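> sequence below, structure please.
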Amino acid sequence: MDGTILVVAATDGQMPQTVEHLLLAKQIGVKRVVVFINKVDQVDEDVVELIEIEIRELLSDFGYDGVNSPIICGSALLALRGDTSEIGEPSIRRLLNAIDEHIPTPVRDYTSPSLLPIDNAFTVPGRGTVVIGTLYRGTLKKNAEVELLGFDENIKTTVSDVQVFKKSVPEAKAGDNIGALLRGVRIHVVRRGMLLCASGSEKLSNHYEAKIYFLSRAEGGRSKPVTSRYIQQLFSKTWNISCRIDISPDVGMIMPGEHAPVYLTLMRRMVMTLGQPFTIRENNATVATGFPNGLFPLGLPFSTVNTILDSSIHSACPVHRNLQDLIMLMSCDEYMTAEDGEIEVQISVR
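So this is what the prediction gives:
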């Protein structure tokens, strides 16, 4: 996202969701915010001025330019009714002008390998599976060899066709919302959140080292500290998955409002690039944000390890037969090696 419009109702002022939305905008990298104070026809002018002061202070607290960020006052309902007063249709035009002036055209990365987070997918009868998303970086051309990664899947395929605004094009560039027709891929293996990327450019893993910040109670976060084996949903780009957070023994616990290094263990292997922002949500509320700064790739494919677990480890470790379940109980220092043609799996269960 290149920018955002923060809508605040003049009848309510700053609400908890206002803080949460600004936090999420900051977390996903939105650098410019335009504010629209709606329903100003229902309150006094003094109230509108007070809300504007509060919003500017809030923007500054989150690292935005609270002094120079444009704040437009108006009424969306009056604009829909064709009202020509300053708070009617002209306020919407001022909002559009503020977007043009305050949110610059972003600099796109056209040289890196292509990367397409998948938003949706569907089947075209007689042609194949089409994946839809906004090209994050690089250039995607027809007949390019790509990989479909995510949720333990690693599928090699070829892009048969690329469409932008329902028109076939020879290539698409970063920033384009596209549809890519994939050869030999069935719709049931494609899920929202998977990545379509240039062959060999990204790696799958479910162990990551990360920096994390837990929101304080005042920011809408937790009121109690977090210890190891903390399991919640992790959200990043267009996907979400169950994740276990382990804390270094020398840290012990993380209090709300603190930053700390942690280890992430995902329920499925996913692609997370270094610096890719993520959020942790608990009971439908954002409680933490962070980014990975290292990965620990598994030494063996899941299918091989599952076979080993079923044949040998199951008798010694009856906790779980499936590695996807067992992995949630393991710390991030487990490793798997192959010696003298025999596979040795070492697992420490806490």
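> report the contact partners of residue 145.
By C-beta atoms under 8 Å, 6 or more residues apart in numbering, residue 145 lies in contact with 156, 157, 158, 198, 199. The way it works is simple: take the backbone N, C-alpha and C, and place the C-beta from them, glycine included.
> pop the domain breakdown of this structure in here.
With domains defined by automatic domain parsing, the chain comprises 4-102, 115-198, 205-295, 302-346.
> this protein: helices as residue ranges?
Ranges of helices within the chain are 16-27, 45-61, 76-80, 89-102, 302-308, 314-316, 323-326, based on DSSP state H.
> and the fourth one, how far out from the chain's middle?
For helix 89-102, the distance between its averaged C-alpha position and the chain's averaged C-alpha position is 29 Å (C-alpha atoms, centre = their mean, to the nearest Å).
> one more: the first one?
When C-alpha coordinates are averaged (C-alpha atoms, centre = their mean), helix 16-27 and its chain have centres 14 Å apart.
> what sits up against it?
If you take C-beta under 8 Å, 6+ apart as the criterion, helix 16-27 is touched by 1, 4, 6, 8, 33, 58-59, 62-64, 215, 219-220, 277, 279, 285-286, 289.
> and it with helix 45-61, angle?
40 degrees (axes from the mean of the first three to the mean of the last three C-alpha atoms, to 10 degrees).
> what's the weakest-modelled helix or strand in this protein?
Of all helical and strand segments in the chain, the minimum by mean pLDDT, DSSP states H and E falls on strand 335-339, at a mean of 34.
> so which of the contacts of residue 145 comes closest to residue 294?
residue 198 (22.4 Å; C-beta to C-beta).
> can you check the pLDDT for the closest one?
Here, the pLDDT recorded for residue 198 equals 93.
> from now on call the first residue 28
Let's use 28 as the start, then, which means that last one is residue 225.
> what sits against it?
140, 141, 142, 165, 171, 172, 173, 174.
> go with 7 Å
If you count contacts by C-beta atoms under 7 Å, 6 or more residues apart in numbering, residue 225 has them with 140, 141, 165, 173.
> do the same with residue 122
61, 63, 99.
> any chance of the contacts of residue 172 in TSV, plus distance to residue 54?
Converted to TSV, those look like this (distance: C-beta to C-beta, whole Å):
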residue	distance to residue 54
183	33
184	32
185	35
225	27
226	30
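> narrow the residues you listed to those that are buried.
By neighbour count, with 16 or more other C-beta atoms under 10 Å, the contacts of residue 172 hold 184, 225 as buried.
> quick check, nearest of the contacts of residue 172 to residue 105?
Residue 105 lies nearest to residue 225 out of the contacts of residue 172, by C-beta to C-beta, at 49.8 Å.
> now that closest one: how far from residue 150?
Remark: distance between residue 225 and residue 150 (C-beta to C-beta, to the nearest Å) = 24 Å.
> sorry, back to before: which of the domains of the chain has the lowest average pLDDT?
domain 329-373 (a mean of 39).
> ok, residue 115 - contacts?
By C-beta under 7 Å, 6+ apart, residue 115 lies in contact with 102, 105, 106.
> go with 10 Å
Going by C-beta atoms under 10 Å, 6 or more residues apart in numbering, residue 115 touches 68, 101, 102, 103, 104, 105, 106, 107, 108, 109.
> what would those look like in a markdown table with neighbour count and distance to residue 40?
Below are the contacts of residue 115 laid out as a markdown table (neighbours: other C-beta atoms under 10 Å; distance: C-beta to C-beta, whole Å):
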| residue | neighbour count | distance to residue 40 |
| --- | --- | --- |
| 68 | 15 | 16 |
| 101 | 26 | 16 |
| 102 | 23 | 16 |
| 103 | 16 | 17 |
| 104 | 13 | 18 |
| 105 | 19 | 20 |
| 106 | 20 | 21 |
| 107 | 11 | 23 |
| 108 | 10 | 24 |
| 109 | 8 | 28 |
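> so which of the domains of the chain is nearest residue 136?
Smallest distance to residue 136 across those (C-beta to C-beta): 4.2 Å, for domain 142-225.
> what's the end-to-end length of the closest one?
Using C-alpha to C-alpha, to the nearest Å, the end-to-end distance of domain 142-225 comes to 7 Å.
> now it: how far from the chain's centre is it?
The chain centroid and the centroid of domain 142-225 are separated by 19 Å under C-alpha atoms, centre = their mean.
> likewise stretch 277-286?
Its chain's C-alpha centre and that of stretch 277-286 lie 23 Å apart, by C-alpha atoms, centre = their mean.
> what's that stretch in contact with?
Here stretch 277-286 makes contact (C-beta under 10 Å, 6+ apart) with 238-246, 248-255, 257, 272, 274, 287-289, 314-315, 317.
> only the buried subset of those residues, as a PyMOL command please.
To isolate in PyMOL the members of these that are buried, counting by 16+ other C-beta under 10 Å, one can use:
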select buried, resi 239+240+241+242+246+248+249+253+255+257+272+274+287+288+289+314+315+317
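> so which of the contacts of stretch 277-286 are in strands?
Among the contacts of stretch 277-286, the members falling in strands (DSSP state E) are 238-241, 257, 272, 274, 287-289, 314-315, 317.
> start to end distance for stretch 260-280?
19 Å.
> what are the buried residues along that stretch?
Neighbour-count burial for stretch 260-280 flags 261, 262, 263, 264, 265, 266, 268, 270, 271, 272, 273, 274 (criterion: 16+ other C-beta under 10 Å).
> sounds good, over and out.
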